[in-house]
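S.K.: need a structure here:
(2 chains)
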Amino acid sequence: DTAVSQTPKYLVTQMGNDKSIKCEQNLGHDTMYWYKQDSKKFLKIMFSYNNKELIINETVPNRFSPKSPDKAHLNLHINSLELGDSAVYFCASSRRGGLAKNIQYFGAGTRLSVL
Amino acid sequence: GENVEQHPSTLSVQEGDSAVIKCTYSDSASNYFPWYKQELGKGPQLIIDIRSNVGEKKDQRIAVTLNKTAKHFSLHITETQPEDSAVYFCAAAPQGAQKLVFGQGTRLTINP
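M.R.: Now for the predicted structure:
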């Protein structure tokens, strides 16, 4: 069973469109994240949610709106897509406390191409 | 905020030789330092990590060392194999912050 799963794996769309990426984890973790990896492979945090509550928003444009319906899911909706949004988006999850805290497990990524 | 620098950006070694990747961090309060391996088309996979109360950790052919005074940590891979070829990332977790700050990545190529 996949621990952190993202859908879709590939997303090709036109500028100006709205799209969503879904993420689910079956690890029983209480914290989930979205990271963006640009063309130079640089990985940067976008959002962090703990128990459905937003705890980190790293100056991401408000066209990006994460939503966490429950602890196991964190979706990312992007409005009015721009060329610069093209990247690979990774979902991750971890436990907030305990011996395993901070250990993040990543999904396989969603490659977004904006044309 | 935390800033992580990683070197080298590319590294090519002969199969069987050792590889070393180095990272420095800026926030002395950071207390958790993982290393991730990313293969083509896949997500980053945790290979080893170290917490600030430990100076060294080993797992078979992989080891990580941490120097808190100098604020740097290193990944050592011995007896490299072709399947070690990938992009490796170091990261630091600022204390109390629910995030990882990543280095720029090192593309490691193992030549047969």
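S.K.: Within range of chain A, give me the residues from chain B.
M.R.: For chain B, the residues in contact with chain A (CB under 8 Å from any CB of the partner chain) are B:32, B:34, B:36, B:38, B:41-46, B:49, B:87, B:89, B:93, B:97-102, B:104-105. Every residue, glycine included, has its C-beta placed from N, CA and C.
S.K.: out of those, which are buried?
M.R.: Using 16 or more other CB atoms under 10 Å in any protein chain shown as the burial test, those include B:32, B:34, B:36, B:38, B:43-44, B:49, B:87, B:89, B:93, B:97-102, B:104-105 as buried.
S.K.: Run through the bridge partners of the spatially closest residue to B:E39 that is not a sequence neighbour.
M.R.: Nearest residue to B:E39, sequence neighbours excluded (CB to CB, 6 or more residues apart in numbering or on different chains): B:A86, at 4.9 Å. Counting by DSSP bridges, B:A86 forms beta bridges with B:L108.
S.K.: residue closest to the middle of chain A?
M.R.: Note on chain A: the residue nearest the mean C-alpha position is A:W34, at 2.8 Å, using CA atoms, centre = their mean.
S.K.: Given the host helix or strand of that residue, what are its sheet partners and their directions?
M.R.: Element membership for A:W34 (DSSP states H and E) is strand A:31-37. Partners of strand A:31-37 in the sheet, by DSSP bridges, are strand A:43-50 (antiparallel), strand A:87-94 (antiparallel).
S.K.: how about the very next helix or strand once past the first one as CSV, C-alpha atoms only?
M.R.: What that stands for is strand A:43-50. Next along the chain after strand A:43-50, taking DSSP H and E as the criterion, comes strand A:53-57. The C-alpha atoms that make up strand A:53-57 are tabulated as CSV, following Å, rounded to 0.1, in the frame of the first residue of the first chain:
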residue,chain,number,x,y,z
GLU,A,53,-5.3,23.5,10.8
LEU,A,54,-3.0,25.6,8.7
ILE,A,55,0.3,26.2,10.6
ILE,A,56,2.7,27.3,7.8
ASN,A,57,2.1,29.4,4.7
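S.K.: so where's chain A shaky on pLDDT?
M.R.: Within chain A, the ranges that satisfy pLDDT under 70 run A:1-2, A:99.
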